[in-house]
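Q: Dropping a prediction and its sequence here:
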Amino acid sequence: MIRPAGISDIPEVIRLSETMHQESRYRELPYSGQKFAALLRRLIDSPDGMVAVAEKNGRIVGAIAAVITEHYFADAHISYELGLYVEKAHRGTLAGYRLAKEYIEWAKSKGVDQIDMGITTDIDEERTGKMYERLGLKHVGIVFSGGK
């Protein structure tokens, strides 16, 4: 079941995000559950924010967070998926698909001009990309990263 997250869901979303962080390209950066919890509160309370969870037998097994913002050089509004994560044991089920679909439907209901999603975790990029394409999104590029 997919449903909007509430403030009481934040500890479970934090639990998922800790694992997601370890699987992501950001794993070398220090993780702050406190900082992420504050962001989740803002997203849940904002009309331009979205957090949804996937439940199986009353337990949260996946989550998605997103935000709408103005484009930096155009008079347009863009929705950005900040993170989509499903526990390994529940990958290959419909949880990820349903979370992504919920996000896309939410963004469309807000009238955004563009909907963005990315893949930056150590998961099956090809399979996830095909899922995004089935949901109507197009592959438009790749991400390069550098730093310390």
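A: Ah, there it is. A quick note: this is a predicted structure, and the numbers were derived from the prediction, not measured.
Q: C-alpha from now on. contacts and neighbour counts both.
A: Fine.
Q: Can you name the helix or strand that Gly147 falls in?
A: In this assignment (DSSP states H and E), Gly147 forms part of neither any helix nor any strand.
Q: ok, it - contacts?
A: Going by Cα atoms under 8 Å, 6 or more residues apart in numbering, Gly147 touches no other residue.
Q: Next one: it from Phe36, what distance?
A: 22 Å (Cα to Cα, to the nearest Å).
Q: what do you get for Lys56?
A: 23 Å.
Q: Neighbour count for the two, which is higher?
A: Using other Cα atoms under 10 Å as the criterion, Lys56 and Phe36 rank with Phe36 on top: 16 against 12.
Q: Would you confirm that that one contacts Ile14?
A: Yes: the criterion here is Cα atoms under 8 Å, and Phe36 meets it with Ile14 at 7.3 Å.
Q: so where's this structure uncertain?
A: Counting by pLDDT under 70, the chain shows low-confidence ranges at 122, 148.
Q: the helices in it, which residues?
A: Ranges of helices in the chain, per DSSP state H, are 10-23, 33-45, 95-109, 125-134.
Q: and Pro4, what are its bridge partners?
A: Note on Pro4: beta-bridge partners Ala52, judged by DSSP bridges.
Q: max-length strand in this protein?
A: As assigned by DSSP state E, the longest strand anywhere in the chain is strand 59-70.
Q: Buried residues of it, list them for me.
A: For strand 59-70, the neighbour count (16 or more other Cα atoms under 10 Å) marks 60-68 as buried.
Q: Which elements pack onto it?
A: Packing contacts for strand 59-70, counted by 3 or more Cα pairs under 8 Å, 6 or more residues apart in numbering; DSSP states H and E, involve helix 10-23, helix 33-45, strand 49-56, strand 77-86, helix 95-109.
Q: if I look at Ile68, how far off is Ile7?
A: For Ile68, the distance to Ile7 - Cα to Cα - is 20 Å.
Q: Oops, could you answer that again for Ala100 instead?
A: 21 Å.
Q: hang on, the earlier thing: select, out of the helices and strands packed on strand 59-70, the one closest to Lys138.
A: For these, proximity to Lys138 was assessed by Cα to Cα; helix 95-109 is nearest, at 12.9 Å.
Q: tell me the contacts of the nearest residue to Glu70 once chain neighbours are set aside?
A: Nearest residue to Glu70 in three dimensions, chain neighbours excluded: His77, at 4.5 Å (Cα to Cα, 6 or more residues apart in numbering). By Cα under 8 Å, 6+ apart, His77 lies in contact with 68-71, 112-114.
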